[in-house]
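Novice: quick one, fold the following:
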Amino acid sequence: MSADSVTPVVVRLKLSLLRNGLRQSSGRKAAYVASLVVVLLFAALQLLGLIALRGHPHALNVTVLLTAVLALGWAVMPLFFPGGDETLDPTRLVMLPLRPRPLVRALLAASLIGIGPLFTLTLLVGSVIATAHGAAAYVTGVVATVLALLVCVALARAVATANLRLLTSRRGRDLAVLSGLVIAVGAQVVNFGAQRLGSSGLATLDPAVDVLRWVPPASALGAVDSVSEGSYAVALAQLALSGLALAALLSYWQRTLTRLMTSPDGSTLQAAEPVRDKAGRSSGLGRLLPAGRTGTVMERSLRYVWRDPKTKAAWVTSLAIGLIVPVFNALQGTGSIYFACFAAGMLGIQMYNQFGQDTSAFWMVAMTISSTRDAYVELRGRALALLLITLPYTALVTVLTTALLGDWAALPEVLGLSFALLGAMLATGAWSSARFPYSIPQEGYKNVAPGQAGLAWISIFGGMVAAALLCAPVIALTIWLNVSSTGENWTWLLLPLGTAYGTLLTLAGLHLAAPRTAHHLPEILTAVSKT
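Specialist: Have a look, this model is predicted:
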């Protein structure tokens, strides 16, 4: 195959794979069409907004910053969504007689097909319209748009190729778990920044834009503004920077592609087994846990948190949201110290469906349970493993929120409320795990097996409502102490009372769930083994 014929073949291959993928199921086609419609509508709104900026004295601040954010997004998306473009995995072409340079050109052309490039192109065109003034500026804008789009796509492909071994391994799939954290934190940062800009104006971005307009690919958009002002030499230098960045990315991509397709894959080497002591516990954290079944169950649960992708995703999301909601509201001046209880609620959800994370491997756990006592120790170990993380984290979020708001007098009562809520969540979580177990598919993004969505809703939302009702006495006492004329001096009692109440609720929930677990092991195994 000649070098000139590689590009059209790869482009047609990309189109065929996309078309055949949509033919696999109506659900996949509907999801693709829905995502395309949403992206196009959002891009159209952004385009209209950028056009409305035309003539604004600080329009360049928006366009340059937007281009830099787009490039950053293209660079990090392959790390968090490694399976987003499986059709262009270069290792699938390793057995074909293809040279690296024409292959890079072909893959670059094929990468321009998709929703992402169309969205980026729309925003770049809007940015050019917002900043260009005069025929020369529009001609420069065409060159700048092409350069910026190629730099973004080449950056994404270079990053993906350089990290392909990592992204296709278990560690790479675990890295994708952080996408939820990045998106949640990024959304709050954008919201916080937008509020600050709304109050101070776009002029505050001038120092950052003065630097970014010389950083590719934002320098290409900076060249459009420079031509509009008559600074042709500056514009030529800015375009040259983007051109050099594109050439450097293509050269780096070609080198990493050559190394990837000619070097052996060592990702299948077996990892060393953990060293264990005479009691069978692994070294490290395992030595600090209690001996016997309790320590074994705690270590197994903590390993699920660290190693299982679905469990890790749930924990990362809960930890992030539990911190983001109270802290960002406090930073924006609209928060309340009672928002700190949100952390306890988000982390307490992890107690629900404890056996679902075992999937079909639950049979090994079931073989070790022969009495109600065994079931109680099993559930207790799982609850203690959860408390190792949730207790200090809840306290940290509460103290941090209190420090941001400066309301230290309310710290004891909020801690007491948080611990009472956490205890109620553990109690209802243990009971619902035994009463409403459901399966968690290991493949794909679904967290509930088909046909079990009702069980999941009943388990989680019914348990949350029950936990709120169980906390009613502590909530009522908190309200009474705050509205009473002399009660403010006794609000500190809510810390020991809330802690004791949460402990009693947890123990009661474990004792109620243990008989149900011991007597319905086959039913639980059947429920968590569905695919």
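
Novice: what's the distance between Ala248 and Cys341?
Specialist: 51 Å (CB to CB, to the nearest Å). (C-beta placed from N, C-alpha, C; glycine too.)

Novice: more neighbours: the two, which one.
Specialist: Cys341 (26 against 14; other CB atoms under 10 Å).

Novice: surely the more buried one and Gly416 touch.
Specialist: No - using CB atoms under 8 Å, Cys341 makes no contact with Gly416, being 10.1 Å away.

Novice: so how far is stretch 252-265 from its chain's centroid?
Specialist: Here the centre of stretch 252-265 is set off from its chain's centre by 29 Å, with CA atoms, centre = their mean, to the nearest Å.

Novice: for that stretch, which positions count as buried?
Specialist: Tyr252, Trp253, Gln254, Thr256, Leu257, Leu260, Met261 (16 or more other CB atoms under 10 Å).

Novice: quick one: average confidence on it?
Specialist: For stretch 252-265, mean pLDDT rounds to 78.

Novice: Thr368 should be in a helix, yeah?
Specialist: No - assigned with DSSP: H, G, I helix; E, B strand; the rest coil, Thr368 falls outside any helix and is coil.

Novice: tell me who's in contact with it.
Specialist: Residues near Thr368 by CB atoms under 8 Å, 6 or more residues apart in numbering: Arg293, Asp374, Glu378.

Novice: for these, give me JSON lines that also has distance to Ile458.
Specialist: Putting the contacts of Thr368 into JSON lines (distance: CB to CB, whole Å) gives the following:
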{"residue": "Arg293", "distance to Ile458": "30"}
{"residue": "Asp374", "distance to Ile458": "26"}
{"residue": "Glu378", "distance to Ile458": "22"}
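
Novice: ok, so of those residues, who is nearest Trp490?
Specialist: Checking these against Trp490 with CB to CB, the nearest one is Glu378 at 39.6 Å.

Novice: just to check, that closest one is in contact with Leu521?
Specialist: No - contact criterion CB under 8 Å: Glu378 and Leu521 do not qualify, at 10.7 Å.

Novice: what's the burial count for Val399?
Specialist: 15.

Novice: now do Pro515
Specialist: Pro515: 14 surrounding residues under other CB under 10 Å.

Novice: am I right that it is in a strand?
Specialist: No - judged by three-state DSSP, Pro515 forms no part of a strand; its state is helix.

Novice: okay, and Thr161 sits in which element?
Specialist: helix 135-162 (DSSP states H and E).

Novice: also Met77?
Specialist: Met77 belongs to helix 59-80 when assigned by DSSP H and E.

Novice: and that helix, what does it pack against?
Specialist: The helices and strands touching helix 59-80, judged by 3 or more CB pairs under 8 Å, 6 or more residues apart in numbering; DSSP states H and E, are helix 26-52, helix 115-131, helix 135-162, helix 170-200, helix 206-212, helix 218-228.

Novice: out of the buried residues of stretch 252-265, which is nearest to Lys530?
Specialist: Proximity of the buried residues of stretch 252-265 to Lys530 was ranked by CB to CB; the top entry is Leu260 with 38.9 Å.

Novice: make sure the closest one is indeed in a helix.
Specialist: Yes - assignment of Leu260 by three-state DSSP places it within a helix.

Novice: so it versus Met77, what's the distance?
Specialist: For Leu260, the distance to Met77 (CB to CB) stands at 19 Å.

Novice: quick one on the thing from earlier: which strands and helices sit next to the helix or strand that the helix holding Met77 is followed by?
Specialist: Remark: after helix 59-80, the chain's next helix or strand is helix 100-111, criterion DSSP H and E. Where contact means 3+ CB pairs under 8 Å, 6+ apart, helix 100-111 is packed against helix 3-22, helix 135-162, helix 232-262.

Novice: the second one: which residues count as buried?
Specialist: What it means is helix 135-162. 137, 140-141, 143-145, 147-162.

Novice: can you pull the contacts of Ile129?
Specialist: Leu50, Ile51, Arg54, Gly141.

Novice: which of those lies closest to Leu477?
Specialist: Leu50 (54.6 Å).

Novice: how about the strands in the stretch 351-500 of the chain?
Specialist: Along the stretch 351-500 of the chain, no segments are classed as strands by DSSP state E, counting those that start in this stretch.

Novice: list the helices and strands the lengthiest helix in the chain packs on?
Specialist: If you go by DSSP state H, the chain has its longest helix at helix 372-405. Other helices and strands packing on helix 372-405, by 3+ CB pairs under 8 Å, 6+ apart, are helix 293-307, helix 309-331, helix 341-348, helix 411-435, helix 494-519.

Novice: need these in a markdown table with mean pLDDT, can you?
Specialist: What follows is the helices and strands packed on helix 372-405, written out as a markdown table (pLDDT from 0 to 100):
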| stretch | mean pLDDT |
| --- | --- |
| helix 293-307 | 86 |
| helix 309-331 | 81 |
| helix 341-348 | 87 |
| helix 411-435 | 92 |
| helix 494-519 | 93 |
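
Novice: for Ala71, find the nearest of the ones you listed.
Specialist: helix 309-331 (24.6 Å).

Novice: and the closest one, what's buried?
Specialist: 310-330.

Novice: any common contacting residues for Glu378 and Leu521?
Specialist: By CB under 8 Å, 6+ apart, Glu378 and Leu521 have these common neighbours: Ile369.

Novice: those two: who's more crowded?
Specialist: Neighbour count, other CB under 10 Å: between Glu378 and Leu521, Glu378 has more, with 26 against 19.

Novice: residue contacts, that one?
Specialist: Arg293, Val297, Val365, Thr368, Ile369, Thr517.

Novice: likewise for Pro473?
Specialist: Pro473 sits next to Tyr501 when contact means CB under 8 Å, 6+ apart.

Novice: and for Val64?
Specialist: So Val64 contacts Val209, Leu212, Arg213, Ala218, Leu221, Gly222 (CB under 8 Å, 6+ apart).

Novice: just among those, which is most surrounded?
Specialist: So for the contacts of Val64 (other CB under 10 Å), the most neighbours sit at Leu221, 32 neighbours.

Novice: okay, it: pLDDT?
Specialist: If you check Leu221, the pLDDT there is 91.

Novice: need the contacts of Val64 in TSV (columns: distance to Ala395).
Specialist: Formatted as TSV, these follow (distance: CB to CB, whole Å):
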residue	distance to Ala395
Val209	42
Leu212	40
Arg213	46
Ala218	43
Leu221	47
Gly222	48
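
Novice: most widely separated two among those?
Specialist: So, these by CB to CB: farthest apart are Val209 and Leu221, at 10.2 Å.

Novice: domain-wise, how is this structure divided?
Specialist: 3-189+198-261, 284-528 (automatic domain parsing).

Novice: wait, Glu299 touches Leu289, no?
Specialist: Yes - counting by CB under 8 Å, Leu289 is a contact partner of Glu299 at 5.8 Å.

Novice: pull up the gap between the residue nearest to Gln354 when sequence neighbours are not counted and Leu246, please.
Specialist: Closest residue to Gln354 apart from its sequence neighbours, by CB to CB, 6 or more residues apart in numbering: Ser433 at 4.2 Å. To Leu246, Ser433 is 54 Å away according to CB to CB.

Novice: what about the stretch 51-200 of the chain, any weak spots by pLDDT?
Specialist: Low-confidence segments of the stretch 51-200 of the chain, defined by pLDDT under 70, span residues 79-95, 164-200.

Novice: for Ala314, see how far away Arg307 is.
Specialist: 13 Å.
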